[in-house]
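[1] Below: sequence and its predicted model.
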Amino acid sequence: MSNVRWVVCTLLFFALTVNYLDRQVLSLTWQEFIAPEFHWTNTHYGLIAALFSLFYAASMLFAGRFIDWMGTKKGYMWAIGVWSLGACLHAFCGIATSGIAAGTWFVGFEGAKEVLATVSDVSKVINVSVVLFIIARLVLALGEGGSFPAAIKATAEYFPKKDRAFATSIFNAGSTVGALAAPLTIPFIAQAYGWEMTFIIIGALGFVWMGFWEFIYKKPENNPKVNKAELEYITQDAILDKQHEQEVEKGDADKGKEKKLSFLQCFKFKQTWAFTIGKFMTDGVWWFYLFWAPAYLQSVYNMTSTQVAFPLFVLYMITLLAIVGGWLPSYFITKKGMNPYAGRMRAMLIFAFFPLLAMFAQPLGAYSYWFPVIIIGIAGAAHQAWSANIFTTVGDMFPKSAVGTVTGIGGAAGALASFIINMSSGVLFDYATETNMKFMGFEGIDSGYFVIFCICSVVYLLGWIIMKSLVPKYKVIEVK
């Protein structure tokens, strides 16, 4: 048997690595390098992060349909091309701000800093820079919205149902590796070459990936490197699925004649709502950890951007434990004879208990910052394991033609939740600092983080209960 499916999985892994590197540049540079230049507060950063989530939500809502329409190969090419362009655009926000706020356009990165330092109207610099960064984040979000729908669709094309959670957990680990590599590279690039070059260097990686994707990816039935044994392995679910059996008998399985669900029809199924609510309840937690963990260590423990590098590396190294998220449901399915949905839901219930540890992150942080670092890492690993399984429930129950669309709908709901948590977190942290807010024995910004950690700890169990209530048993969607 050939192993082209694992080459494809590796490409998806690196795409997600680049994806998360691009997302992390702002979170690792804003407080030390960007905020002093543009006079930002937590609220300004929270607004930018929140609107990125909102744009990402809107993008995912339609990106899935776009991927289904364009096809996996072309769709992913468009997605990564747009988000790489958006990543690079951030670098020019300083020059554009100096042009709009001070009327000085033809300057370099350092010249823009000098011009902005002389502007007396600080509010104008703040407002212009925030708007420009929001525009750059909009372009980034438009492209990144297509990442997961395309990756999940590629997985559905190259892996049988029993292997999809494992394959998803592997490529999904790219998000962890990207987040892991970010603190070890981004602050040091920013310190050596400026925050602007950091966006350009990291953003350019996406264009490199596009070259590999263009020459390597083809559908398995059209890929000459996929031999007969591997193709039979990939398509093994067809003999168990009545719809696919009928298509094979008619010779139409691979000719694009599969009936398709419309965008609105997807909302008629409880399976869509179960996936969407599960994503809404939990995705914001990961995005909060991703966007605010560097600021948390800097604000609460007075670290610099380079000092947080090793703790963040350890934090994201722990999240690599999420690869168990792909193995555990496979164990339930193959060893315990459970159906795919039941096996994934059993695994997700187990993973839902680990985020409860986040309640103790702030209390134990009084002894050492390593306690919250380790706890957030464990909670992040649980989220990624949960995420790998909730994504594959779509491929288990929906026809391949609808996988991208439903994934996009759920992803949009998750991004909307991220908008809510990022926006409210920025406002809460500034309020807690300005008023010296007291809550459960904590004061100031510490109390604000404790509130958010408590919310992040319980939403997984709530999400699982709602999902199980909507779809108690495995049921494949039949398109009539």
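    Nice, thanks for sending it over. Residues are numbered from 1 along each chain as shown.
[2] I'd like the next helix or strand past whichever strand or helix holds residue 392.
    Using DSSP states H and E, residue 392 maps to helix 370-397. Using DSSP H and E, the helix or strand that follows helix 370-397 towards the C-terminus is helix 400-435.
[3] packing partners for that next one?
    Judged by 3 or more C-beta pairs under 8 Å, 6 or more residues apart in numbering; DSSP states H and E, helix 400-435 is in contact with helix 42-70, helix 147-158, helix 270-301, helix 370-397, helix 445-470. No exception for glycine: its C-beta is placed from N, CA and C like everyone else's.
[4] and it, average pLDDT?
    For helix 400-435, the mean pLDDT works out to 85.
[5] Partner strands of the following helix or strand past it, with direction?
    Counting by DSSP H and E, the next helix or strand C-terminal to helix 400-435 is strand 438-439. Strand pairing for strand 438-439, determined by DSSP bridges: strand 442-443 (antiparallel).
[6] residues making contact with the strand it pairs with?
    362, 436-437, 450 (C-beta atoms under 8 Å, 6 or more residues apart in numbering).
[7] Those residues: which two are farthest apart?
    Spatial extent of the contacts of strand 442-443 (C-beta to C-beta) is set by the pair 362 and 436 at 16.2 Å.
[8] what about those two, which has more around it?
    A count of neighbours by other C-beta atoms under 10 Å puts residue 362 above the other of residue 362 and residue 436, at 25 against 10.
[9] Please pull out the lowest mean pLDDT helix or strand from this protein.
    helix 242-250 (a mean of 49; mean pLDDT, DSSP states H and E).
[10] What residues sit buried inside stretch 36-48?
    Across stretch 36-48, burial judged by 16 or more other C-beta atoms under 10 Å covers 37-38, 40-48.
[11] residue contacts, residue 293?
    Going by C-beta under 8 Å, 6+ apart, residue 293 touches 27, 312, 315, 376.
[12] Dump these into a markdown table; add distance to residue 119, secondary structure and pLDDT as well.
    Below are the contacts of residue 293 laid out as a markdown table (distance: C-beta to C-beta, whole Å; DSSP: H, G, I helix; E, B strand; the rest coil; pLDDT from 0 to 100):
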| residue | distance to residue 119 | secondary structure | pLDDT |
| --- | --- | --- | --- |
| 27 | 26 | helix | 88 |
| 312 | 33 | helix | 89 |
| 315 | 38 | helix | 90 |
| 376 | 38 | helix | 94 |
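[13] Any chance of the residues you listed in TSV with neighbour count as columns?
    Below are the contacts of residue 293 laid out as TSV (neighbours: other C-beta atoms under 10 Å):
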residue	neighbour count
27	21
312	27
315	28
376	28
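[14] any idea which of the residues you listed is closest to residue 266?
    Distances from residue 266 to the contacts of residue 293, taken by C-beta to C-beta, are shortest for residue 27, at 32.8 Å.
[15] What is the burial count for the closest residue to the closest one other than its chain neighbours?
    Spatial nearest neighbour of residue 27, chain neighbours left out: residue 291 (4.9 Å); criterion: C-beta to C-beta, 6 or more residues apart in numbering. Neighbourhood size, residue 291 [other C-beta under 10 Å]: 26.
[16] Could you report the pLDDT at residue 291?
    With respect to pLDDT, residue 291 has a value of 83.
[17] show me what contacts it?
    Contacts for residue 291 (C-beta under 8 Å, 6+ apart) come out as 23, 27, 49, 422.
[18] Equivalent analysis for residue 107, please.
    Per C-beta under 8 Å, 6+ apart, neighbours of residue 107: 95, 98, 114-115.
[19] Also residue 404?
    63-68, 75, 149-150, 152-153.
[20] Which of those residues are buried, as a ChimeraX select command?
    Typed into ChimeraX, the next command selects the buried ones out of those (criterion: 16+ other C-beta under 10 Å):
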select :63,64,65,66,67,68,75,149,150,152,153
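[21] Would you mind putting the contacts of residue 404 into a markdown table with pLDDT and distance to residue 105 alongside?
    Below are the contacts of residue 404 laid out as a markdown table (pLDDT from 0 to 100; distance: C-beta to C-beta, whole Å):
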| residue | pLDDT | distance to residue 105 |
| --- | --- | --- |
| 63 | 80 | 34 |
| 64 | 77 | 40 |
| 65 | 79 | 39 |
| 66 | 85 | 35 |
| 67 | 85 | 38 |
| 68 | 83 | 42 |
| 75 | 90 | 37 |
| 149 | 84 | 39 |
| 150 | 88 | 38 |
| 152 | 84 | 43 |
| 153 | 87 | 43 |
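[22] If we only consider the contacts of residue 404, which is nearest to residue 429?
    For the contacts of residue 404, with residue 429 as the reference and C-beta to C-beta as the criterion, the closest is residue 63, at 30.8 Å.
[23] isn't the closest one right next to residue 141, touching?
    No. Using C-beta atoms under 8 Å, residue 63 is not in contact with residue 141, being 9.9 Å away.
[24] Without its sequence neighbours, what residue ends up closest to residue 301?
    In this structure, residue 301 finds its nearest non-sequential neighbour in residue 369, 4.7 Å apart by C-beta to C-beta, 6+ apart.
[25] which regions of the stretch 301-450 of the chain sit below the pLDDT cut-off?
    Within the stretch 301-450 of the chain, the segments meeting pLDDT under 70 span 326.
[26] Show me what stretch 425-439 is in contact with.
    Residues contacting stretch 425-439 (C-beta under 8 Å, 6+ apart): 41-47, 49-50, 288, 292, 299, 443-452.
[27] Pull out the buried positions in it.
    425-430, 432-433, 437.
[28] now stretch 296-308
    Neighbour-count burial for stretch 296-308 flags 296-300, 303, 305, 308 (criterion: 16+ other C-beta under 10 Å).
[29] tell me the average confidence for stretch 14-24?
    Mean predicted confidence for stretch 14-24 is 90.
[30] farthest-separated two in the contacts of residue 293?
    27 and 376 (14.0 Å).
[31] Do a quick rundown of the strands in the stretch 51-200 of the chain.
    With DSSP state E, counting those that start in this stretch as the criterion, the stretch 51-200 of the chain has no strands.
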